[in-house]
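Novice: can't give you the sequence, but here's the structure:
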């Protein structure tokens, strides 16, 4: 009993659904009078007797013929009439028992053929040219093409050996003037007179049709014109102008080259390094450049760390050791000079630099402050103090560059308590660790002697 009730309910719903969507097309009657055909609905003449043939199609329109030419009469039904639904010239509804019907000539009898196409489209033909209309007789493609194919939701058209693309609503995506069109996942590649370009699926030009080669890679378009290359992004903006003989992606930037000179451009099209260097190498987070035998450094934002004027540049710890004309200096990673480039040799030990110039030695700290001026023949490190020698005489500096003992002694002995015993003109004196003179020598062990 429950099953029977359910079946009755479903039948009722189906019947109601059918009633709701009945467009009363089957009430149209094709009648003949004086050898011509017309259409009557509910005893009212909707289409006059002036056609040689009328054939109903798909329960929604009629294909009609006058002589040898074909057209379309459209049918529309509405239960409640709404003003302004149709243009005034065809807004002549026929009142039915329930609702209103419109029949009107939507496509004039001007075509040699009207044939079924795909997806509720009709193909029209005239003088060996083809076009497309929909079931409502609305012209989608004008009748001027030799061939039309519907593929990937686009109409591919051809005329006189040229190709174009329209969307399903008849809007031009690509005008019919190209020798070849190829569709990819995101765009159309076009070719005309051996030159190539790119359109997106909405008909916007991404790349103008003026390049001999286009390749999509690294989320960008690499283009070639003659011997020069350039790059467009996926939206058609120029990243790298077409003026370089080669372009390579390195990391997140482009290495460009022109006549053996190199530069760097970022992915936004901004020049990081101008194209004027013989070599560019990325190392330790910076770019080492060279031009004419000179070297310099840029950071990744294009700011100059070292101008390209040094004979050599190499990383020393956290800084750079630079050399020019046989003289060395130190520059930090911000491009600030720590030690000017005027020393024959610079050697880093811990946080200090030993420098040599014209046979004389000195010491700088890592910030470029002088600890010991470069005027000594020899410097001996004793932990937190330095023994210096000049003209066979000795002195002492502490680690901060303060003079503990002036450089005027023939001999200095360092004791294990931090004191000093000095000898000058065969006279000995004792000094404490801060350079203060003491009266008596304590009985301490000598841990270092300049005589050694």
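Specialist: Thanks, I have it. A quick note: this is a predicted structure, and the numbers were derived from the prediction, not measured.
Novice: could you pull out the strands for the stretch 351-452 of the chain?
Specialist: For the stretch 351-452 of the chain, the strands defined by DSSP state E, counting those that start in this stretch cover 352-357, 360-365, 370-376, 378-381, 385-390, 393-398, 403-409, 411-415, 420-424, 427-431, 437-438, 446-449.
Novice: Mean neighbour count and mean pLDDT added to those, as a markdown table?
Specialist: Where you see a C-beta, it was placed from the backbone N, CA and C, and this is true even at glycine. As requested, the strands of the stretch 351-452 of the chain are exported to a markdown table (neighbours: other C-beta atoms under 10 Å; pLDDT from 0 to 100):
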| stretch | mean neighbour count | mean pLDDT |
| --- | --- | --- |
| strand 352-357 | 20 | 97 |
| strand 360-365 | 20 | 97 |
| strand 370-376 | 17 | 98 |
| strand 378-381 | 15 | 96 |
| strand 385-390 | 20 | 97 |
| strand 393-398 | 20 | 98 |
| strand 403-409 | 17 | 97 |
| strand 411-415 | 20 | 95 |
| strand 420-424 | 19 | 94 |
| strand 427-431 | 14 | 93 |
| strand 437-438 | 11 | 92 |
| strand 446-449 | 13 | 94 |
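Novice: Show me the shaky parts of the stretch 51-200 of the chain.
Specialist: Within the stretch 51-200 of the chain, no stretch has pLDDT under 70.
Novice: Recalculate using a threshold of 90.
Specialist: Scanning the stretch 51-200 of the chain for pLDDT under 90 picks out 58-60, 79-93, 95-98, 118-120, 135-137, 185-186.
Novice: just checking, residue 238 touches residue 265?
Specialist: No. In this structure residue 238 lies outside contact range of residue 265 using C-beta atoms under 8 Å: 10.7 Å.
Novice: of the strands of the stretch 351-452 of the chain, which approaches residue 298 most closely?
Specialist: Taking C-beta to C-beta, strand 352-357 is the member of the strands of the stretch 351-452 of the chain nearest to residue 298, at 24.6 Å.
Novice: Can you list the strands that that closest one pairs with?
Specialist: strand 345-349 (antiparallel), strand 360-365 (antiparallel) (DSSP bridges).
Novice: Export the ones you listed as a markdown table, with columns for distance to residue 438.
Specialist: What follows is the strands paired with strand 352-357, written out as a markdown table (distance: least, C-beta to C-beta, whole Å):
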| stretch | distance to residue 438 |
| --- | --- |
| strand 345-349 | 32 |
| strand 360-365 | 27 |
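Novice: Just give me the neighbour total for residue 228.
Specialist: Using other C-beta atoms under 10 Å, residue 228 has 16 neighbouring residues.
Novice: any idea how far it is from residue 188?
Specialist: Distance, residue 228 to residue 188, using C-beta to C-beta, to the nearest Å: 24 Å.
Novice: Please apply the same query to residue 306.
Specialist: To residue 188, residue 306 is 48 Å away according to C-beta to C-beta.
Novice: now swap in residue 437 and tell me
Specialist: Separation of residue 437 from residue 188 (C-beta to C-beta) stands at 94 Å.
Novice: For the chain, just list every one of the helices.
Specialist: Counting by DSSP state H, one finds helices in the chain at the ranges 2-21.
Novice: Neighbouring strands of the lengthiest strand in it in the sheet, and parallel or not?
Specialist: Counting by DSSP state E, the longest strand found in the chain is strand 100-111. Each strand paired with strand 100-111, and its direction, by DSSP bridges: strand 69-78 (antiparallel), strand 94-95 (antiparallel).
Novice: Please tell me how far that strand is from the chain's geometric centre.
Specialist: Between the centre of strand 100-111 and the centre of its chain there are 52 Å (C-alpha atoms, centre = their mean, to the nearest Å).
Novice: Please point out which parts of that strand sit buried.
Specialist: 100, 101, 102, 103, 104, 105, 106, 107, 109, 111 (16 or more other C-beta atoms under 10 Å).
Novice: would TSV of those residues with distance to residue 297 be doable?
Specialist: Shown next, in TSV, are the buried residues of strand 100-111 (distance: C-beta to C-beta, whole Å):
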residue	distance to residue 297
100	82
101	83
102	79
103	82
104	79
105	79
106	74
107	73
109	80
111	74
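Novice: In contact with residue 416, which residues?
Specialist: Contacts for residue 416 (C-beta atoms under 8 Å, 6 or more residues apart in numbering) come out as 444, 445, 446, 447.
Novice: So which of those is the closest to residue 413?
Specialist: Closest to residue 413 out of the contacts of residue 416 is residue 446 (4.8 Å), distances taken as C-beta to C-beta.
Novice: Quick check: the closest residue to residue 407 other than its chain neighbours vs residue 409, distance?
Specialist: In space, and not counting its chain neighbours, residue 407 is closest to residue 395: 3.2 Å by C-beta to C-beta, 6 or more residues apart in numbering. Per C-beta to C-beta, residue 395 is found 7 Å from residue 409.
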